[in-house]
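just the structure for this:
(one chain, ligands or ions: 1)
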Amino acid sequence: MASLFKLGRSRTIRLIQSFPAVKLHLTGAVMRATEVEFDKAKEHLKTLKNDPGNDTKLRIYALFKQATQGSCSSPKPGMLDFVNKAKWEAWNSLGNISKDDARQKYVDLVGTLISSEAPIQKEATTAGDPKSSYQTLQVTTENNITTILLNRPEKKNAISRKMYEEIMQALEQAGKDDSVLTVMTGSGDYYCSGNDLSNFTQVGAEGVEKLARDSGELLTRYVSHFIDFPKPLIAVVNGPAVGIAVTGLGLFDVVYATDRATFHAPFSQLGQSPEGCSSYTFPKMMGTAKANEILLFNKKLTAAQACDLGLVAEVFPDNTFQQEVWKKLRAYAKLPKDSLRYSKQLIRGMEKEKLHAVNAQECVRLQERWLSEECMNAIMGFFQNKSKL
Ligand SMILES: CCCCC/C=C/CC(=O)SCCNC(=O)CCNC(=O)[C@H](O)C(C)(C)COP(=O)(O)OP(=O)(O)OC[C@H]1O[C@@H](n2cnc3c(N)ncnc32)[C@H](O)[C@@H]1OP(=O)(O)O
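Model prediction:
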């Protein structure tokens, strides 16, 4: 399987295209439309910018085979022929679904892959558009959805000071734009690894106290943007989440996660204390004992556990995560905008004052924590020994 995982996008596409032209057995207008759609889907596949992952590539391969050749009847490749065995298994798993069904599924799958990355391709580079000027994010709007993509994959989307500022700016814009929903997600394999720990190593001439005060002020403003966000805010958790990327989820309206995601808030390990209003939202959401395991004792949750505790609304298999989530979101984004906005504001309204008070209190505690020996040792440990979580 290892070599299959290394197949690049263009090689996979060449592989898929190397099959004989589709011969269809249907008649009439439906047949022509489907054939055209199928051909278009093959063409669209070539324009994919992001590698959809091996599971999805295998599914595309299998659907193509089924659509063009019917059910798998070739002998199973030997155990050591990893690549062909994986391909055979993917094709064989489709059983007896008809060529028509397979063709339709192929068209749907390619469609969702294309549309999940379409906003990025279409709008991210629009000249003069403030959305294109972000350094740490890609912000795009399509199908009534504004997507804020955390875009430092090489640092697991750790939130630098610049990124805190840009997220606040993007939320302000999204709050005012015409979109119905706002989505936050991560690029690469992580959703977000939390606060960029180097935020605490850039000590200016005025010393660490000033750094702690500035950090407290920045965090208070950052969390306030989530408390006050006026329309539905959805987190699409595409991979592991750490620290503030976990605690802040309590301020989103809905959280969807891949089954590959984990949720880890290692505050005591880092000599810190909870933030993002989690000292209030987590116990309220999941009960004190469960919240304490996470916030005091660093318990890392799987996606399924996070779902059981109410932090996550639904978990999807990683290989269909993007297509299933975006399909759902596109449907939600067709709902009446004002109705959604006012409903969200009613739900959040009663809690706002409380949440701002909790945020202020958490940030005061953190300013003290950041100056503590416990915290400084933990941060130095990460950079000196790269001691990971
Ligand atoms: C303004 C202040 C506001 C403060 C708000 C407070 C918030 C609290 C928190 O968020 S606490 C959580 C802080 N996060 C962490 O402690 C995570 C630290 N990172 C790790 O433990 C690991 O990197 C990992 C488990 C997330 C991923 O491990 P993996 O082995 O898969 O990958 P690498 O370690 O090689 O990471 C790739 C590069 O990314 C850098 N990096 C990852 N996370 C962070 C981070 N949080 N801060 C800074 N840098 C991070 C990592 O150093 C690698 O960089 P390199 O390639 O240059 O070595």
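
when you work out contacts or count neighbours from here on, use the C-alpha atoms and nothing else.
Fine.

tell me the mean pLDDT for the helix or strand where Val223 lies?
Per DSSP states H and E, Val223 falls inside helix 207-227. In this model, helix 207-227 has an average pLDDT of 95.

residues of stretch 72-92 that come out buried?
Across stretch 72-92, burial judged by 16 or more other C-alpha atoms under 10 Å covers 72, 83-92.

dump it to PDB, restricted to CA.
The C-alpha trace of stretch 72-92 is given here as PDB (Å, rounded to 0.1, in the frame of the first residue of the first chain):
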ATOM      1  CA  CYS A  72     -15.000  -6.600 -10.800                       C
ATOM      2  CA  SER A  73     -14.400 -10.100 -12.100                       C
ATOM      3  CA  SER A  74     -10.600 -10.300 -12.300                       C
ATOM      4  CA  PRO A  75      -8.700 -12.500  -9.800                       C
ATOM      5  CA  LYS A  76      -7.500 -10.900  -6.600                       C
ATOM      6  CA  PRO A  77      -3.800  -9.800  -6.800                       C
ATOM      7  CA  GLY A  78      -1.400 -11.500  -4.500                       C
ATOM      8  CA  MET A  79      -0.800 -10.300  -1.000                       C
ATOM      9  CA  LEU A  80       2.500  -8.600  -1.800                       C
ATOM     10  CA  ASP A  81       1.100  -6.700  -4.800                       C
ATOM     11  CA  PHE A  82       0.000  -3.900  -2.500                       C
ATOM     12  CA  VAL A  83      -1.100  -1.300  -5.000                       C
ATOM     13  CA  ASN A  84      -3.100  -3.600  -7.300                       C
ATOM     14  CA  LYS A  85      -4.600  -5.400  -4.300                       C
ATOM     15  CA  ALA A  86      -5.800  -2.000  -2.900                       C
ATOM     16  CA  LYS A  87      -7.300  -1.100  -6.300                       C
ATOM     17  CA  TRP A  88      -8.900  -4.500  -6.700                       C
ATOM     18  CA  GLU A  89     -10.400  -4.300  -3.200                       C
ATOM     19  CA  ALA A  90     -11.800  -0.800  -3.900                       C
ATOM     20  CA  TRP A  91     -13.400  -2.000  -7.200                       C
ATOM     21  CA  ASN A  92     -14.600  -5.300  -5.800                       C
END
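
next up, the contacts around the one residue in the stretch 1-150 of the chain that gets nearest to the ligand.
Here the stretch 1-150 of the chain gets closest to the ligand at one residue, Leu150, 13.1 Å apart by C-alpha to the nearest ligand atom. Each residue near Leu150 by C-alpha atoms under 8 Å, 6 or more residues apart in numbering is listed here: 136-138, 157, 184-187, 191-192.

restricted to helices, list those.
Applying DSSP state H to these, no entry is found in helices.

possible to save these as TSV with neighbour count and pLDDT?
Below are those laid out as TSV (neighbours: other C-alpha atoms under 10 Å; pLDDT from 0 to 100):
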residue	neighbour count	pLDDT
Thr136	21	97
Leu137	24	97
Gln138	22	97
Asn157	28	98
Met184	21	98
Thr185	21	98
Gly186	25	98
Ser187	19	97
Tyr191	31	98
Cys192	30	98
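
domain boundaries for the chain, per the record?
Residue ranges for each domain of the chain read 35-117, 137-387, as given by the TED database.

the longest one: how far from the chain's middle?
Per C-alpha atoms, centre = their mean, to the nearest Å, the displacement of domain 137-387 from the mean C-alpha position of its chain is 12 Å.

what strand or helix carries Val255?
Going by DSSP H and E, Val255 is in strand 254-258.

contact partners of that strand?
In contact with strand 254-258 (C-alpha under 8 Å, 6+ apart) are residues 232-239, 249, 303, 311-318, 321, 325.

run a quick neighbour tally on the nearest residue to Ser268 once chain neighbours are set aside.
Nearest in space to Ser268, with sequence neighbours left out and distances taken as C-alpha to C-alpha, 6 or more residues apart in numbering, is Leu296 at 6.1 Å. Counted by other C-alpha atoms under 10 Å, the residues lying close to Leu296 total 15.

on that earlier part again, so which one among the buried residues of stretch 72-92 has the lowest pLDDT?
Across these, the smallest pLDDT goes to Val83, namely 80.

helices or strands next to the strand or helix carrying that residue in the packing?
Assigned by DSSP H and E, Val83 belongs to helix 82-92. Under the contact definition 3 or more C-alpha pairs under 8 Å, 6 or more residues apart in numbering; DSSP states H and E, helix 82-92 sits against helix 2-5, helix 54-69.

what's the most buried one of those helices?
Compared across these, helix 54-69 shows the largest average neighbour count, a mean of 22 (mean count of other C-alpha atoms under 10 Å).

need the helices and strands packed on helix 82-92 in JSON lines with distance to Arg341 and mean pLDDT, can you?
JSON lines is the format used below for the helices and strands packed on helix 82-92 (distance: least, C-alpha to C-alpha, whole Å; pLDDT from 0 to 100):
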{"stretch": "helix 2-5", "distance to Arg341": "43", "mean pLDDT": "31"}
{"stretch": "helix 54-69", "distance to Arg341": "35", "mean pLDDT": "89"}
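
okay, now the closest residue to Ile294 other than its chain neighbours: neighbour count?
Nearest residue to Ile294 in three dimensions, chain neighbours excluded: Ala265, at 6.4 Å (C-alpha to C-alpha, 6+ apart). Counted with other C-alpha under 10 Å, the neighbours of Ala265 add up to 30.

contacts only, for Ala265.
Counted by C-alpha under 8 Å, 6+ apart, Ala265 has contacts 242-244, 246-247, 294-295, 298-300.

three-state assignment of Pro77?
Under DSSP: H, G, I helix; E, B strand; the rest coil, Pro77 falls in the coil class.

fine by me, we can end here.
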